[in-house]
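K.L.:
predicted model, plus sequence, below.
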2 protein chains.
Amino acid sequence: MRLTSYTDFTLRTLIYLGLNGNERATIQEISECYGISRNHLMKIVQDLSHQGLISTVRGKSGGMYLLRDPAEINVGALVRRTEADFRLVECFEAGPNGCRLTGGCVLTSALRDALEAFFEVLDGYTLADLLRPQRNLRRLLGMNSAIS
Amino acid sequence: MRLTSYTDFTLRTLIYLGLNGNERATIQEISECYGISRNHLMKIVQDLSHQGLISTVRGKSGGMYLLRDPAEINVGALVRRTEADFRLVECFEAGPNGCRLTGGCVLTSALRDALEAFFEVLDGYTLADLLRPQRNLRRLLGMNSAIS
DNA sequence: TCAAAAGAAGCATATAATATGCTGGAAACC
DNA sequence: GGTTTCCAGCATATTATATGCTTCTTTTGA
């Protein structure tokens, strides 16, 4: 039971951008800072862009920046979107799946409830909460101490 | 985000045995009933046996049966055990992991809380709860209508 | 105006976790 | 004694995910 690094990187990218203020950040810069794959990050950035969370600018002196107020970006909603596959067990999907217990099994609903509880916690966080220890985080990322 | 089929099959096996009463069930029988791999189930059964949840008997007319009262078998505890890897994100594990935010990041604790909430729900269920619609479940599995 | 910097898009490959299969062995029963 | 069943270890297949590669297009600044 784990989240994909896709989700992980999505959140970390938003944290980076949130800390970065009005400055533009490039994919190159973020991938190097976190030590993650540039290609993988590329797709994440495109998704974030399609979702309208960030704006990307091509060309020289291009890059990306947050479009929305961090307080409006909900972590739970974000994870629900990036994490595509919530099929905790085979029987989570509708239709004939082979498990003969389908229809009478209490387990399915128990797991659904548990998953819901998981997200309810995350729904209580916004990106702004993740950015709270701003000074410390900026230091960890080696950003300039002046906050834009 | 999904559980392994190992966990799924573990739970289904216990449900089968719970419904099966004092009868012995063979690996063959259970794997055919659910349409799952005999080999995979073999390992699950061995683990359940090592955990002291079931007793296995070799040889002709051998098989397995539940050792403990279903009301004493907690679903949360079971899933915690069968699902080995809870590293939701890279930074879940201690030590140097590469993420520069480690130490100042709120995300880690948010995810820990969410995971805890997930398990708290499952901790509220025992195998006995899963067996509740007994008659219906036995019918779904094609078991004899007489309950031993 | 042209070259360099940056993102866009599609496809191919690698990696890692999980699941499945295979072979041989040992115990229990009839 | 032989058949049935679980036991154990190793090998292979499958799948989702992550990474890499190549070729674009857009933008900007010298």
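P.N.:
Right, received. Where do you want to start?

K.L.:
what about the helices in chain A?
P.N.:
Under the criterion DSSP state H, helices of chain A are mapped to A:5-20, A:27-34, A:38-50, A:75-82, A:106-123, A:127-130, A:134-140.

K.L.:
low-confidence stretches in chain A?
P.N.:
Low-confidence segments of chain A (pLDDT under 70): A:94-97, A:145-148.

K.L.:
for chain A, which residues are neighbours of DNA strand D?
P.N.:
Residues of chain A lying close to DNA strand D (Cβ under 7 Å from any atom of the strand) are A:4-6, A:8, A:36-40, A:42-43, A:57-62, A:84-85. The C-beta positions use only the backbone N, C-alpha and C, and glycine is treated the same way.

K.L.:
among those, which are within reach of chain B?
P.N.:
A:Ser5, A:Asp8, A:Asp85 (Cβ under 8 Å from any Cβ of the partner chain).

K.L.:
hang on, the earlier thing: would you tell me which one of the helices of chain A is buried the most?
P.N.:
Burial of the helices of chain A is given as mean neighbour count (mean count of other Cβ atoms under 10 Å in any protein chain shown); helix A:5-20 ranks first at a mean of 22.

K.L.:
and the angle from that helix to helix A:27-34?
P.N.:
100 degrees (axes from the mean of the first three to the mean of the last three Cα atoms, to 10 degrees).

K.L.:
hmm, back to that, now, which of the ones next to chain B among the residues of chain A next to DNA strand D sits nearest chain B?
P.N.:
Nearest to chain B out of these is A:Asp8 (Cβ to the nearest Cβ; 4.3 Å).

K.L.:
need the contact list for the closest one.
P.N.:
Going by Cβ atoms under 8 Å, 6 or more residues apart in numbering or on different chains, A:Asp8 touches B:Val89, B:Glu90.

K.L.:
separation between it and A:Leu41?
P.N.:
A:Asp8 sits 11 Å away from A:Leu41, taking Cβ to Cβ, to the nearest Å as the criterion.

K.L.:
for DNA strand C, find the nearest of the helices of chain A.
P.N.:
Closest to DNA strand C of these, according to Cβ to the nearest atom of the strand: helix A:27-34, at 3.5 Å.

K.L.:
contact partners of the closest one?
P.N.:
Residues from elsewhere that reach helix A:27-34 (Cβ under 8 Å, 6+ apart): A:9, A:12-13, A:16, A:37-38, A:41-42, A:45, A:63-64, A:141-142, B:98-100.

K.L.:
recalculate using a threshold of 6 Å.
P.N.:
A:Arg12, A:Thr13, A:Tyr16, A:Arg38, A:Leu41, A:Met42, A:Val45, A:Leu141 (Cβ atoms under 6 Å, 6 or more residues apart in numbering or on different chains).

K.L.:
could you give the angle of that helix to helix A:38-50?
P.N.:
Orientation of helix A:27-34 against helix A:38-50 (the same axes, to 10 degrees) gives an angle of 120 degrees.

K.L.:
contacts only, for A:Val106.
P.N.:
Contacts here follow Cβ under 6 Å, 6+ apart; on that basis A:Val106 touches B:Asp129, B:Leu130.

K.L.:
do you know how far it is from B:Thr10?
P.N.:
Applying Cβ to Cβ, the value for A:Val106 to B:Thr10 is 16 Å.
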